[in-house]
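J.: the sequence and its predicted three-dimensional model are supplied below.
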Amino acid sequence: MKRFAGLAFAFLLLLLPNAIRAEEMSFVATLSGDNEVPPSATGATGVAHVVVDTDSNRLRFEVHVFDFTNTLVASHIHRAPAGVNGPV
C-alpha cells in the first residue's frame, strides 16, 4: 500500500506543472477575401472564434459566414502572422 501511495504522489507531482500551466487561449479572426494571401475577390465575409484549451489539448471553434455563394467543401486553420501563409 505504501508503494501505491508513493507512486500516486509521484504521478500527481508529474501532473501538477501541467495543471498550473493549463489555460484557455482565445482567438478571433475576421474572414474576408482581403485577408487571404494573395487577396481574393469575394463579397463573402465572416468571423471565427477559436478557443484552445491547453489542459485538455482541445480546440473549440465557431464560424459565421455571410454572403457566401459557393458550396463549402472544407476549411483549415493556418498558424502564421497576418499577411503570411503559414503551415496548416
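T.: That came in fine, so what should we check first?
J.: hey, let's count contacts and neighbours off CA atoms from now on
T.: Will do.
J.: ends of stretch 27-37, how far apart?
T.: 19 Å (C-alpha to C-alpha, to the nearest Å).
J.: numbering from 6 from now on, please.
T.: I'll keep to 6 as the first residue from here, and by that count the last item is stretch 32-42.
J.: and it, how far from the chain's centre?
T.: 15 Å (C-alpha atoms, centre = their mean, to the nearest Å).
J.: show me what counts as buried in it.
T.: 36-38 (16 or more other C-alpha atoms under 10 Å).
J.: need those in TSV with distance to Phe73, can you?
T.: Output for the buried residues of stretch 32-42, formatted as TSV (distance: C-alpha to C-alpha, whole Å):
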residue	distance to Phe73
Leu36	11
Ser37	11
Gly38	11
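J.: closest to Arg63 out of the residues you listed?
T.: Leu36 (22.3 Å; C-alpha to C-alpha).
J.: ok, what's across the strand from that closest one?
T.: Leu36 has these beta-bridge partners by DSSP bridges: Gly51.
J.: wait, isn't it in contact with Thr47?
T.: No: contact criterion C-alpha atoms under 8 Å: Leu36 and Thr47 do not qualify, at 10.8 Å.
J.: which of the buried residues of stretch 32-42 sits closest to Asp60?
T.: Closest to Asp60, out of all of the buried residues of stretch 32-42 and judged by C-alpha to C-alpha, is Leu36, at 27.8 Å.
J.: how near is that closest one to Arg84?
T.: 15 Å.
J.: for the closest residue to Val33 other than its chain neighbours, give me its contacts.
T.: Using C-alpha to C-alpha, 6 or more residues apart in numbering and skipping residues adjacent in sequence, the residue nearest Val33 is His54, 4.7 Å away. Taking C-alpha atoms under 8 Å, 6 or more residues apart in numbering, we find His54 in contact with 31-34, 66-68.
J.: for these, give me CSV that also has distance to Ser80.
T.: Formatted as CSV, the contacts of His54 follow (distance: C-alpha to C-alpha, whole Å):
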residue, distance to Ser80
Ser31, 19
Phe32, 17
Val33, 16
Ala34, 14
Phe66, 12
Glu67, 12
Val68, 11
